[in-house]
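A.B. asks: Structure of the sequence below:
(one chain, ligands or ions: 2)
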Amino acid sequence: AIPLVIALSTAVAAKGGILVKDRLALERMRTVDAVLFDKTGTLTRGEHVVTGVVGGGDTSDDEVLAVAAAVEADSEHPLARAIVAAAQQRELSRRASGFRSLTGRGVQAEVDGDTYAVGGPALLRELNATATEGLAARTKEWADRGSAVLHLLRTDGDRAVVVGALALADEVRPEARQAIADLRAQGIRKIVMITGDARPVADAVAADLGFRPGEDEVYAEVLPADKDDAVADLQRRGLRVAMVGDGVNDAPALARADVGIAIGAGTDVAIESAGVVLASSDPRAVTGVIALSRASYRKMI
Ligand code: ADP
Ligand code: MG
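C.D. replies: Ligands and ions are numbered 1, 2, ... in the order given. Alright, predicted model coming up:
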């Protein structure tokens, strides 16, 4: 029979958006010493937003954003959607015509009789365009922090001039910082992040989240199939690990962890592999699982 206190706790948990699939996982949660978060979609929003705009020469930042958004208006690319959304937010609107997609490099269109292109590094190389020193310094800063950098170019076919640049990044969830602070207050010794992203991107996000160098850890550039190796690595070092993730790629790591926690809408595979499922995608909900575990099992001893 299920002890009454647990049956009650589980009912309370369901109300708080915590679905306990595996009672033993919930019991283990109170002894966890490391919480391993998947980065994208869990600690970050999982979608790009414009985080910087710069104009070269006498072009204003707003002008760069307005023209870039006009050029991107018909593009389905996630980076294009982010630029259009940013321009809408600032109530900038311009019209473009003659939209053309430059596969794998960017897009092109006419605005006020001039031809503009928006694109990544490949486009910049192809059009052999160089930015002013000031603008190049800004874009280097952005790239070092792990942002995607796009340039806005005015072109007459063979030649192009850089009109401005935009930085796009997958933003840290504002609640993630608080979640990490709360976990520490609960006595969690080590916060860990795992991602397939490049090391500079991962480290920038970790710094933004307040990771403590030397104590907290970042696994970067991890192949999707190797995520569960990180869990095993932490366990070999004697740590009890709770893994928090939402993606198909996270399933093996969720299964291997002492406690697997699927977060948010999550994918079916992630939910199947997890012992605990959280209804919200707010990472602060993880502290609720620890509190529930401690409250439930303390009473039984
Ligand atoms: P990915 O899916 O990795 O973005 P794509 O082939 O779609 O690969 O694009 C490759 C690169 O080309 C992008 O990273 C970006 O730099 C540039 N690019 C593609 N589409 C656009 C667009 N609509 N606007 C600006 N840059 C773009
Ligand atoms: Mg693509």
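A.B. asks: Next one: Gly210 from ligand 1, what distance?
C.D. replies: Using CB to the nearest ligand atom, to the nearest Å, Gly210 is found at 29 Å from ligand 1. In this view, the C-beta of every residue, glycine as well, is placed from N, C-alpha and C.
A.B. asks: quick one: contacts of stretch 168-186?
C.D. replies: 35, 37, 40, 42-51, 79, 82-83, 145-150, 191, 205, 208-211, 282-284, 286-287, 290-291 (CB atoms under 8 Å, 6 or more residues apart in numbering).
A.B. asks: Return the helix or strand in this structure with minimum mean pLDDT.
C.D. replies: Lowest on mean pLDDT, DSSP states H and E among the helices and strands of the chain sits helix 4-15, with a mean of 60.
A.B. asks: Helix or strand next in line after that one, which one?
C.D. replies: strand 18-20 (DSSP states H and E).
A.B. asks: Any buried residues in the helix or strand following that following strand, and which?
C.D. replies: Downstream of strand 18-20, the first helix or strand assigned by DSSP H and E is helix 23-29. The neighbour-count check on helix 23-29 (16 or more other CB atoms under 10 Å) flags 23, 25-29 as buried.
A.B. asks: for helix 23-29, packing partners?
C.D. replies: Helix 23-29 sits against strand 259-262, strand 276-278, helix 285-298, with contacts defined as 3 or more CB pairs under 8 Å, 6 or more residues apart in numbering; DSSP states H and E.
A.B. asks: Using CSV, lay out the ones you listed together with mean pLDDT and mean neighbour count.
C.D. replies: Listed next are the helices and strands packed on helix 23-29 as CSV, based on pLDDT from 0 to 100; neighbours: other CB atoms under 10 Å:
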stretch, mean pLDDT, mean neighbour count
strand 259-262, 96, 29
strand 276-278, 94, 23
helix 285-298, 92, 20
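A.B. asks: so which of those gets nearest Pro121?
C.D. replies: Closest of the helices and strands packed on helix 23-29 to Pro121 is strand 259-262, at 36.0 Å (criterion: CB to CB).
A.B. asks: Next, the buried residues of stretch 46-64.
C.D. replies: 46, 48, 50-56, 59, 63-64.
A.B. asks: With stretch 67-83 instead?
C.D. replies: 67-73, 75, 79-80, 82-83.
A.B. asks: cool, and stretch 123-142?
C.D. replies: Residues of stretch 123-142 classed as buried: 123-124, 127, 129, 131, 135, 138-139, 142 (neighbour count, 16+ other CB under 10 Å).
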